[in-house]
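**Q** Here is a sequence with its predicted model. Questions after.
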Amino acid sequence: MRMAPRTLVPRLLTTLICASLAFAAGAQDSSVRLPDLGSSANALVSPQEAQDYGAAMLRQMRAMDMVVDDAMLDDYINDLGYRLVASSDKPKDHFSFFIVKDSVINAFAAPGGYIAVNSGLIDITNSESELAGVIAHEIGHITQNHLQRAFEASKKDAPLMALVLLGAIAAGAGAHAGDAAGAVLMGGQGLMLQRQINFTRKDEVEADRAGIQTLANAGFDPTAMATFFERMQDTLRAGSGGDRDVPELLQTHPVTLSRISDAKSRAGTLLAEQKQRPAAPTLVKNQWEKSTAPIAYVKDPTALINTRNGTGGLDTYGLMRERVRVLSGDALQLSTYYASNLERQHGFDTPANRYGYALALLRSGRAGKAVDELKPLLKNYPDSQVLQIAQADATFQAGHRGEALTMYAELNRQSPRNRAIALGYARALTEGGNAADAGQAANMLRPMLDNAEEPELYRSYARASDKAGDPVRAGEAYADASYLSGRPFDAMEQLKRLLKRPDLDYYARARIQARISDLTPLVMELRKRRVQTEDNPEGRQQQLQKPSDNCTGRLCFSAMGDSH
């Protein structure tokens, strides 16, 4: 577990956050100046600093509950992303993929190779190739150096290209005002887009072409990007979106016919080339090994659920799409949606929708009914780990702990490094179990903590350690979870309290002191700058100037549009 690098704090993170806050808030004080960071992209941010900044962005988004934090979906979107990265022009660049909890049709690339896909965008895709097309497009923005070009384009505006997204998120984290972060983002982003629209449209076409090539190299349908373009264009027509919330930026910067035509032409050429050469594996092992994919994606197949080709004809992409829908929406309302459509709408009764219905039932407190809904699915697809995990989760929540433990144990035997399985198994062991059960859960989770960035993994380990009689390890893990959730002040206070315990041995004290040393520069700088975060009382007392009334809107960037 890595805390914030010290070089990031004074040079980039807090200074630039404050600059973007001042800009977005419409501050007129002559003492407020944007930092003069120069015209050289490399001088502005090193690759490591960009990566650190992207990680800071992700932590702040978690603080605002904007991220779909689910181990199974996280593995799915990263597995899909790294399949594409391994076939891109720059397989060794750092990338990380995550899902944003937002119904707006949206995807964006951020510094450091952080690529986000909104739940609303996943919902509108009709195939895995379409989803891969969106991600490949965003990868193209990174591999074609579009962010660096944006930084070079203007000394004043270019830093805000990233900062309006990254820095303003910190403002909204403690604003206690619903769409405050979106208001900040919308105000600054709109100004930049008006000034750089021609430049960004050129980049969009370039990213399209690079993305289509990556799609073909990775074995996906290269025509899927053009298909998605056409669906986007239909969605953006007045009234065609129905109840869907169509972003204003998508209406003012629509997908053009020329982009669709260009995408179709490029895809057609690649398809013709594929027919002329011998068939080859869509992804070979050395492609993975040459990429920067985490070790689990390269050499440990037991860490991942088999989502590439489904199991026994089961459309696993469809299962993941419905899982995104349920985990990012209102489970009670969605259970009604599934039940109504399964009963009345012809063609709606698919395994994916049945799975979505079972998840909605489970998450709305009707585990017993979810078990009943999953039984016929498992009869038809007995080898599907996705369905087996859902069955174990529902069985446990229905009160049949012993039966669920047997299911989890077998799943864990098959895939001992799979986080979705381990988290469910650890919960079943810890809740209702004794100290020995909790110790088993902690031992199972501990190896997964190395370089992990998922707060729930640390929280689960903390709960297990506490019940197993190891409050020190539990306290450290709770602090790490707070830090990864965008609450550095809380993390610092927890670590300080731990350090006062009289029962610390030499090694525990050294670990805690190292964590405090890593976190101190960040906390001090945030306090000095009076940056407002939810876990910083001093920041709340010394609030920055609130956004002007003209800064309205919500967090919304065009999917594969002019927002990069």
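**A** Cool, got the structure.
**Q** Check the burial of Ser384 by counting its neighbours.
**A** Neighbour count for Ser384, taken as other Cβ atoms under 10 Å: 23. Bear in mind the C-beta positions are built from the backbone N, C-alpha and C, glycine included.
**Q** Same check on Arg325?
**A** 22.
**Q** ditto for Glu476
**A** Neighbours of Glu476 using other Cβ under 10 Å come to 24.
**Q** Quick check: it vs Ala426, distance?
**A** According to Cβ to Cβ, to the nearest Å, Glu476 and Ala426 sit 17 Å apart.
**Q** next one: Thr520
**A** 32 Å.
**Q** Strands of this structure, residue ranges please.
**A** 96-100, 107-110, 114-118 (DSSP state E).
**Q** In a markdown table: those, plus mean neighbour count.
**A** Output for the strands of the chain, formatted as a markdown table (neighbours: other Cβ atoms under 10 Å):
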| stretch | mean neighbour count |
| --- | --- |
| strand 96-100 | 22 |
| strand 107-110 | 23 |
| strand 114-118 | 26 |
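**Q** right, and those - which one's nearest Ala441?
**A** Judged by Cβ to Cβ, the one of those that comes nearest to Ala441 is strand 96-100, at 25.6 Å.
**Q** Report the backbone C-alpha coordinates of that closest one in CSV.
**A** Taking C-alpha atoms only, strand 96-100 is exported to CSV below (Å, rounded to 0.1, in the frame of the first residue of the first chain):
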residue,chain,number,x,y,z
SER,A,96,-6.0,1.9,-14.9
PHE,A,97,-9.7,1.5,-15.7
PHE,A,98,-12.7,2.2,-13.5
ILE,A,99,-16.5,2.6,-13.7
VAL,A,100,-18.2,5.9,-12.7
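**Q** Which pLDDT value goes with Asp549?
**A** Looking at Asp549, its pLDDT stands at 35.
**Q** For the remainder of this discussion, apply numbering that starts at 735.
**A** Happy to do that; since the first residue is 735 now, the last one works out to Asp1283.
**Q** how many neighbours does Asn1177 have?
**A** By other Cβ under 10 Å, neighbour count at Asn1177 equals 14.
**Q** Please apply the same query to Asp996.
**A** Asp996 has 17 nearby residues by other Cβ under 10 Å.
**Q** residue contacts, it?
**A** Residues near Asp996 by Cβ atoms under 8 Å, 6 or more residues apart in numbering: 939, 942-943.
**Q** ok so, going back, comparing the strands of the chain, which gets the lowest mean pLDDT score?
**A** strand 841-844 (a mean of 85).
**Q** Check which helices and strands that one is in contact with.
**A** Judged by 3 or more Cβ pairs under 8 Å, 6 or more residues apart in numbering; DSSP states H and E, strand 841-844 is in contact with strand 848-852, helix 862-877, helix 880-887, helix 892-907.
**Q** By mean pLDDT, show me the worst of these.
**A** Looking at the helices and strands packed on strand 841-844, the lowest mean pLDDT belongs to helix 892-907 (a mean of 41).
**Q** out of Thr1254 and Ala1160, which sits in the more crowded spot?
**A** Taking other Cβ under 10 Å, Thr1254 and Ala1160 do not tie; Ala1160 has more neighbours (27 against 17).
**Q** Check what pLDDT Tyr810 gets.
**A** 95.
**Q** same thing with Thr1286?
**A** At Thr1286, pLDDT is 29.
**Q** where in the stretch 885-1034 of the chain is pLDDT low?
**A** Applying pLDDT under 70 to the stretch 885-1034 of the chain flags the ranges 885-934, 969-993, 1008-1024, 1029-1030, 1032-1033.
**Q** Compute the number of surrounding residues for Ala1170.
**A** Using other Cβ under 10 Å, Ala1170 has 11 other residues around it.
**Q** whoops, Leu1145 was the one
**A** By other Cβ under 10 Å, 22 other residues sit near Leu1145.
**Q** can I see the domain layout of the chain?
**A** Per automatic domain parsing, the structural domains of the chain span 742-763+779-1013+1028-1032, 1048-1265.
**Q** looking at those, which is closest to Leu1038?
**A** domain 742-763+779-1013+1028-1032 (5.4 Å).
**Q** Phi first, then psi, for Gln878.
**A** phi -90, psi 10 (degrees, to the nearest 10).
**Q** can you pull the pLDDT of it?
**A** pLDDT, read off for Gln878, is 84.
**Q** Also Pro781?
**A** Per the predicted model, pLDDT is 80 at Pro781.
**Q** Can you tell me, leaving aside adjacent residues, what's nearest to it?
**A** In space, Pro781 comes closest to His828 once its chain neighbours are excluded; the distance is 7.3 Å by Cβ to Cβ, 6 or more residues apart in numbering.
**Q** Equivalent analysis for Tyr1192, please.
**A** In space, Tyr1192 is closest to Ala1215, 3.9 Å off (Cβ to Cβ, 6+ apart).
**Q** What's the separation between that neighbour and Leu1191?
**A** According to Cβ to Cβ, Ala1215 stands 8 Å off from Leu1191.
**Q** wait, Gln1119 sits on Ser1149?
**A** Yes. Contact criterion Cβ atoms under 8 Å: Gln1119 and Ser1149 qualify, at 7.0 Å.
**Q** got any residues that touch both of the two?
**A** Shared contacts of Gln1119 and Ser1149, counting by Cβ under 8 Å, 6+ apart, come down to 1039, 1155.
**Q** At which residues are the helices of the stretch 1035-1184 of the chain located?
**A** 1050-1061, 1065-1078, 1085-1097, 1101-1114, 1119-1131, 1135-1148, 1153-1164, 1169-1179 (DSSP state H, counting those that start in this stretch).
**Q** Nearest approach to Ile1039 belongs to which of those helices?
**A** From the helices of the stretch 1035-1184 of the chain, taking Cβ to Cβ, the stretch that ends up closest is helix 1119-1131, at 4.9 Å.
**Q** counting contacts, what elements does the closest one pack onto?
**A** Partner elements for helix 1119-1131 (3+ Cβ pairs under 8 Å, 6+ apart): helix 1050-1061, helix 1085-1097, helix 1101-1114, helix 1135-1148, helix 1153-1164.
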